[in-house]
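sequence plus the predicted model coming up.
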Number of protein chains: 2
Amino acid sequence: MNVKTLCLGALSLGEHTGYDIKKLFESTFSHFYNASFGSIYPALKDLEKAGLVRCRVEPGQGHPDRKLFSITPKGHEALVEELRHEPPAEHCRSGFLALMFFAHLLPTDRLRQVLDEVEARYGEELAYLESIRHCPENPAGANFTIEHGIAVYRAALAQIRDQRDALLAHHRDIPEAFGEVLT
Amino acid sequence: MNVKTLCLGALSLGEHTGYDIKKLFESTFSHFYNASFGSIYPALKDLEKAGLVRCRVEPGQGHPDRKLFSITPKGHEALVEELRHEPPAEHCRSGFLALMFFAHLLPTDRLRQVLDEVEARYGEELAYLESIRHCPENPAGANFTIEHGIAVYRAALAQIRDQRDALLAHHRDIPEAFGEVLT
DNA sequence: TCGAACATGTAAAAGGTTACATGATTAC
DNA sequence: GTAATCATGTAACCTTTTACATGTTCGA
């Protein structure tokens, strides 16, 4: 799965600008995919060159012309074909868990700060997903991803809240200097 | 967080070869980070050049010499410093949820196959994490990441098992051809 | 008046994967 | 005899991020 396919997928939902698609990545897609302008705009350009999307220009008022992209029949076919063969692979890299793995190397304050930050972030993501769930106009698959996100964030938050106090209580600050102990 | 920092972290646990570190990524780290040989070996080389790790060569029996890397005091300092400043960012891209979002574009058989595949994979990951939990020699942080993984996989599996039948029951195969409906 | 939202785009760099090259040993 | 495990490494490629460039409108 890549940005190009997801842009095509976004356009299968209706006509959108690159800016709109960025907002989609930041909202509905945010718990399972991210993309920056630097990958979205070139993706749209490639898709247009390949004839999978077409573009209609709307004069801009005080900002660049809006380029409204829509999917073509060929694009729809290509999307269906890709979804049929794309393996459900996951590339999850959690800086949070990587940091936690080495908790014994962190100062206590820093450990607390990391836990606070992640708890707050997951809380926000969860609140957002809860605010958009049970939406009748969503296709069934979209609701599945929302429920999945809610289930996962709830479990993650519960685990963090459950373990944080014990973790902090047993935590010892590392000594300031190590000298040549490990030489 | 990147492969270089995690290699340094791996070596903070003891002397290891690049091959060992790869196995660590595939086991203990697998639910929050992945890395291939193509990134591990160059990372180790860079770390050695920077004086953060050193290398001891053990003659190989029927295979290339084993290069045993260990962290230097300077490397330990650099690791602690990086962990202190690295933000707990996450880059999770789930091909599974991306596919599910567009479930209405998938043939029913394919949808079932995706669900089966992911359920099996999560089940294996969960079983693995459950097999290594409560290990006394693990640092507290490592156990935190294991418990976190267990909580998240359990929730994910429960959600999939809870929704899959309803999802499949209401699913309609897409028509074979679209023609010019969207033109 | 200051920042956020709207809107597009490029170029360089970072980071990593995939595929390749090599080859012995061990377990089934 | 065939596949997996052990063991290292490179090079080309791919994808994506980051930083930059530009400029208006609207709300606090």
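Cool, the structure landed.

all strands of chain A, in order?
A:53-58, A:66-71, A:90-94 (DSSP state E).

which neighbours does the last one have in its sheet, and in what orientation?
Strands flanking strand A:90-94 in the sheet, each with its direction: strand B:90-94 (antiparallel) (DSSP bridges).

ok, and what's touching the partner strand?
For strand B:90-94, the surrounding residues in contact (CB atoms under 8 Å, 6 or more residues apart in numbering or on different chains) are A:1, A:31-34, A:88, A:90-96. Every residue, glycine included, has its C-beta placed from N, CA and C.

in ChimeraX, how would I select just the buried ones from those?
Buried residues among the contacts of strand B:90-94 (16 or more other CB atoms under 10 Å in any protein chain shown), as a ChimeraX selection:
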select /A:1,31,32,33,88,90,92,93,94,95,96
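
and which of the contacts of strand B:90-94 is nearest B:Ile40?
A:Arg93 (14.5 Å; CB to CB).

could you list the low-pLDDT ranges of chain A?
Judged by pLDDT under 70, chain A has its weakly predicted residues at A:175-183.

outline the domain layout of it.
If you go by automatic domain parsing, the domain ranges for chain A are A:3-85, A:95-169.

so how far does the first one reach from one end to the other?
Taking CA to CA, to the nearest Å, domain A:3-85 runs 16 Å from one end to the other.

likewise the last one?
From its first residue to its last, domain A:95-169 covers 23 Å (CA to CA).

near DNA strand D at all, that domain?
No - residues of domain A:95-169 are not located near DNA strand D by CB under 7 Å from any atom of the strand, the shortest gap being 11.3 Å.

near chain B, anything from that domain?
Yes - Domain A:95-169 lies within reach of chain B by CB under 8 Å from any CB of the partner chain, at A:95-107, A:110, A:114, A:117-118, A:139-142, A:144-145, A:147-149, A:151-152, A:154-156, A:158-160, A:163, A:167.

quick revisit: need the domains of chain A in CSV (columns: distance to B:Gln61).
Shown next, in CSV, are these (distance: least, CB to CB, whole Å):
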stretch, distance to B:Gln61
domain A:3-85, 43
domain A:95-169, 33
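
wait, what's in contact with A:Glu130?
A:Ile150.

try A:Cys7
So A:Cys7 contacts A:Ile21, A:Ile40, A:Ala43, A:Leu44, A:Leu47 (CB under 8 Å, 6+ apart).

tell me the residues of chain A that contact DNA strand C?
A:17-20, A:23, A:37-38, A:41-42, A:44-45, A:60, A:63-67, A:93.

looking at the residues you listed, which are in helices?
Judged by DSSP state H, the subset of the residues of chain A next to DNA strand C located in helices is A:Gly18, A:Tyr19, A:Asp20, A:Lys23, A:Phe37, A:Gly38, A:Tyr41, A:Pro42, A:Leu44, A:Lys45.
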